[in-house]
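**Student:** Turn this into a model:
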Amino acid sequence: MYAIVPDTNVLVSGSTVPHGNPAFILNSWRSEKVQIVTSLEILTEFQRVMLEKFNAPQNEVEILNAFFIWKGKVVEPRQKFNVIKEDPTDNKFLEAAVEGDADYIVSGDKDLLRLKNFMEIQIISPAEMASILRK
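**Tutor:** Down below sits the predicted model:
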């Protein structure tokens, strides 16, 4: 089973749009074909985006967040990185991936994708991850 760190956009898209690669990735996680690794910082950002940008009902966001905590692997990164200078907040995905011993970071973010890999963790798009999971 692959361990993956999805970025916030993958979590939000997979939670709000029933079709597409992010939804397929989350469905693969729900059926235990992949393990999702997050951190409290990632989940806090997920909640903020869902509430502020999508006006999602708070109780639904809390249920989703609780499900990510219950069925996922939530880590507390001990190492901090300053690799992504263009958007330092993206470093939280690298930190969670290293702490959670992830195989992949799944993102559509150009700053993350530009790295291609970090400490033997591959950084790929949702389409690439979906393709891997379909094999």
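**Student:** mind listing the helices in the chain by residue range?
**Tutor:** Using DSSP state H, the helices assigned to the chain run over residues 8-16, 21-30, 40-52, 58-71, 91-99, 110-115, 126-134.
**Student:** who wins for proximity to residue 77 among these?
**Tutor:** Among these, helix 91-99 comes nearest to residue 77, with 3.7 Å by CB to CB. All C-beta atoms are positioned from the backbone trio N, CA, C, and that covers glycine.
**Student:** and the angle for the closest one with helix 40-52?
**Tutor:** Counting by axes from the mean of the first three to the mean of the last three CA atoms, to 10 degrees, helix 91-99 lies at 140 degrees to helix 40-52.
**Student:** neighbouring contacts of helix 91-99?
**Tutor:** Residues outside helix 91-99 that contact it (CB atoms under 8 Å, 6 or more residues apart in numbering): 5, 7, 37-39, 41-42, 45, 75-84, 102, 104-105, 107, 112, 118-119, 121.
**Student:** With just CA atoms, put that helix into CSV.
**Tutor:** Listed next in CSV are the C-alpha coordinates belonging to helix 91-99 (Å, rounded to 0.1, in the frame of the first residue of the first chain):
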residue,chain,number,x,y,z
ASN,A,91,7.0,23.1,3.0
LYS,A,92,4.4,21.5,5.4
PHE,A,93,3.7,18.8,2.7
LEU,A,94,7.4,18.0,2.6
GLU,A,95,7.6,17.9,6.4
ALA,A,96,4.5,15.6,6.7
ALA,A,97,5.8,13.3,3.9
VAL,A,98,9.2,12.8,5.6
GLU,A,99,7.7,12.3,9.0
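**Student:** Name the residues of that helix that are buried.
**Tutor:** Neighbour-count burial for helix 91-99, counted by 16 or more other CB atoms under 10 Å, picks out 91-99.
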